[in-house]
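[1] Dropping a prediction and its sequence here:
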There are 2 protein chains.
Amino acid sequence: MRVRLCAPSTPFTRDDALRVVALAADYPGVTLDFHPQCFAEQGHFAGSDPVRLAAFAECANDPACDAVWFARGGYGAVRIAQDAIAALGPAAHSKLYLGYSDAGTMLGGLYRAGIGRPVHAPMPADIRRDGGEVAVHRVLAWLAGDRSGEEPGIDHRPVVAFNLMTLAMLVGTPLLPDLAGHVVLLEEVAEYDYAVDRLLFHVTTALAPVGIAGIRLGRVSQVPENDRPFGMTVEAMVRDWCARLGIAWLGSADIGHDSANRIVPFGLAEPRSGE
Amino acid sequence: MRVRLCAPSTPFTRDDALRVVALAADYPGVTLDFHPQCFAEQGHFAGSDPVRLAAFAECANDPACDAVWFARGGYGAVRIAQDAIAALGPAAHSKLYLGYSDAGTMLGGLYRAGIGRPVHAPMPADIRRDGGEVAVHRVLAWLAGDRSGEEPGIDHRPVVAFNLMTLAMLVGTPLLPDLAGHVVLLEEVAEYDYAVDRLLFHVTTALAPVGIAGIRLGRVSQVPENDRPFGMTVEAMVRDWCARLGIAWLGSADIGHDSANRIVPFGLAEPRSGE
């Protein structure tokens, strides 16, 4: 399992990359190859749009690479996603693509294009969190064949997982995949309650006509304090919008911007051995 | 000119309403009637969804009312807008509707439905700003027939003005009006540079296929400081997204979350006397 890492949004650091590579020593079948673009900086981004696009295309089009792991989110993938996906050749199809948060933009676009297997998963940048090594180990173990880190509620229906803001920005654009029949897992971080409610309006209104199977809610963390309480929990907001739009509310999900964030391979689950 | 005021989003205060009514004494032809719902509070909102909806419908359906002026933005109009517009009868059509920011949700939905004349304009809540009385006077004078407070760049083409986040939440929903041929004025407040760029992706990608006449950029104010500079001005972002999507960049606009915020009646400008 040869894994190449690139950064379609914001930069990572060599020091943190070395810490992640050290953890990978426990998984002899897994090799990590950080593209130097991960450490490039231009303003907000991990290098200019062409630099980030070229690094992603190089990794995705590499026939000797089994998985592309996005190093970090932040913001920036929408600036390159459409052109990047258009630059992919046959070798890009037989590959895993792993990440979450802003990297969900890449996962969504790839899923729409039917290229490879997008996977909601922790990223190298999670090593900076309290207990973050656990999140990185979860992905390394999964890449080595241990599926215990997958989100436990995944059933027989196809599934996707997105940061709410990231998904909201994809609706109505050529990056939104067809989510008909899908269970949609959502999580959010560092948004006011009112902003979450506003995003839920946007996403549920856009997805209801598609015929999604339902919504499951991951963690909504680091909510800033507003000048007054919103008056409703996030779960109540999701239930309310689901009820208004005729979308099935399917309960909670074990994903979020934290070390416990579980793995969600997009699409239909592969049968587990013994099943 | 009988003006009724309601609050589809967040609450106003009686004290500030009295200050606005006092300013209106300079305009004998204009009477202001604040609906008590403006001062209701339920969590984040100026009363529950049904309470806000009923107050709006009462004002808009009142045959003795010439204009509905939204008292304040904040967040909340999307929770009632579709049902509220469905509740409007014939008397709602011969009316002005004034506001901006989150109230742009109501303006957008009304414009789509072809009901009355939506007008981007300062709101009573602007009286709390430094120099805010000027903004309130601008609207009162306009209601009394003085058009000098209108945005000076309005030309022969139909026009709309929106807060960027508000418009972004409307795209792909039944509240977005048909903006074909329109000059779209945008402004924003209190969003990070990266969030503005993200919203611009969303809005330009959604509006490009519609064939808008172009974009003009109002003020983007109170931008929070991020951990590193974004590396691009907001004007450069707008120019970049316009160039990518084939949308005409039409320069700056004199609107924003400030006391200088000018008035933009949606649609085609009425000929000025003498023209």
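    The structure has been received and is ready for your questions.

[2] so what's the residue in the stretch 151-275 of chain A positioned nearest to chain B closest to, chain neighbours aside?
    Taking CB to the nearest CB, chain B has its nearest neighbour within the stretch 151-275 of chain A at A:G231, 1.7 Å off. (Glycine included, C-beta is placed from N, CA and C.) Leaving aside its chain neighbours, A:G231 sits nearest to B:G43 (1.7 Å; criterion: CB to CB, 6 or more residues apart in numbering or on different chains).

[3] The one you found: what's it in contact with?
    Residues counted as contacts of B:G43 (CB atoms under 8 Å, 6 or more residues apart in numbering or on different chains) are A:R228, A:P229, A:F230, A:G231, A:M232.

[4] distance of it from A:D227?
    12 Å (CB to CB, to the nearest Å).

[5] Next: A:A84.
    A:A84 sits 41 Å away from A:D227, going by CB to CB.

[6] Among those two, which residue is more densely surrounded?
    Taking neighbours as other CB atoms under 10 Å in any protein chain shown, A:A84 and A:D227 compare with A:A84 leading, 25 against 6.

[7] element containing the more buried one, please.
    Using DSSP states H and E, A:A84 maps to helix A:81-86.

[8] A:G218 looks like it's in a strand, true?
    Yes - applying DSSP: H, G, I helix; E, B strand; the rest coil, one finds A:G218 inside a strand.

[9] Would you mind listing what in the stretch 151-275 of chain A touches chain B?
    Applying CB under 8 Å from any CB of the partner chain, one finds that the stretch 151-275 of chain A approaches chain B through A:165, A:168-169, A:171-174, A:193-195, A:197-199, A:201-202, A:205-206, A:226, A:228-232.

[10] Of the residues you listed, keep whichever come out buried.
    Listed as buried from those are A:165, A:168-169, A:171-173, A:193-195, A:197-199, A:201-202, A:205-206, A:230, A:232; burial here means 16 or more other CB atoms under 10 Å in any protein chain shown.

[11] any idea where the strands of chain A begin and end?
    Ranges of strands within chain A are A:2-6, A:31-34, A:67-70, A:96-99, A:117-120, A:159-163, A:183-189, A:214-221, A:249-252, A:264-265, based on DSSP state E.

[12] Mean neighbour count, distance to B:G47 and mean pLDDT for those - can I get that in TSV?
    What follows is the strands of chain A, written out as TSV (neighbours: other CB atoms under 10 Å in any protein chain shown; distance: least, CB to CB, whole Å; pLDDT from 0 to 100):
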stretch	mean neighbour count	distance to B:G47	mean pLDDT
strand A:2-6	23	50	98
strand A:31-34	18	54	98
strand A:67-70	27	44	98
strand A:96-99	25	42	98
strand A:117-120	24	39	98
strand A:159-163	26	32	98
strand A:183-189	24	26	98
strand A:214-221	21	25	98
strand A:249-252	14	26	98
strand A:264-265	25	39	98
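
[13] Quick one, which of those gets closest to B:L107.
    strand A:183-189 (27.5 Å; CB to CB).

[14] Just checking: what are the partner strands of the closest one?
    Next to strand A:183-189 in the sheet, as set by DSSP bridges, lie strand A:159-163 (parallel), strand A:214-221 (parallel).

[15] Check what pLDDT the closest residue to A:G214 other than its chain neighbours gets.
    With CB to CB, 6+ apart as the criterion, A:G214 has its nearest non-adjacent residue at 3.3 Å, and that residue is A:A248. pLDDT for A:A248: 98.

[16] what's the neighbour count on A:A248?
    For A:A248, the count of nearby residues is 13 (other CB under 10 Å).

[17] Enumerate every residue touching it.
    By CB under 8 Å, 6+ apart, the residues touching A:A248 are A:A213, A:G214, A:I215, A:C242.

[18] Sketch out the low-pLDDT regions of the stretch 151-275 of chain A for me.
    Residue ranges of the stretch 151-275 of chain A with pLDDT under 70: A:272-275.

[19] And the helices in it, which stretches?
    A:164-170, A:193-207, A:234-245 (DSSP state H, counting those that start in this stretch).

[20] quick one, the second one and strand A:159-163 angle?
    Helix A:193-207 runs at 140 degrees relative to strand A:159-163, counting by axes from the mean of the first three to the mean of the last three CA atoms, to 10 degrees.

[21] what's in contact with helix A:193-207?
    By CB under 8 Å, 6+ apart, helix A:193-207 touches A:164-165, A:167-168, A:171-172, A:179, A:184, A:186, A:188, A:191, A:215, A:220, A:223, A:226, A:230, A:232, A:234, A:237-238, A:241-242, A:244-245, A:247, B:44, B:74-76, B:78-79, B:165, B:168-169, B:172-174.

[22] one step back: can you put the helices of the stretch 151-275 of chain A in JSON lines and add distance to A:M106?
    Output for these, formatted as JSON lines (distance: least, CB to CB, whole Å):
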{"stretch": "helix A:164-170", "distance to A:M106": "10"}
{"stretch": "helix A:193-207", "distance to A:M106": "19"}
{"stretch": "helix A:234-245", "distance to A:M106": "25"}
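
[23] What residue in the stretch 1-150 of chain A comes nearest to chain B?
    Counting by CB to the nearest CB, the stretch 1-150 of chain A gets nearest chain B through A:G43, at 1.7 Å.

[24] contacting residues around the most centrally placed residue in chain A?
    For chain A, the residue nearest the mean C-alpha position is A:Y100 (2.1 Å; CA atoms, centre = their mean). When contacts are counted by CB under 8 Å, 6+ apart, A:Y100 touches A:G73, A:L107, A:H120, A:A121, A:P122, A:M123, A:A161, A:N163, A:I255, A:N261.

[25] Restricted to buried residues, select these in PyMOL.
    Command for PyMOL that selects the buried part of the contacts of A:Y100, burial taken from 16+ other CB under 10 Å:
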select buried, chain A and resi 73+107+120+121+122+123+161+163+255+261
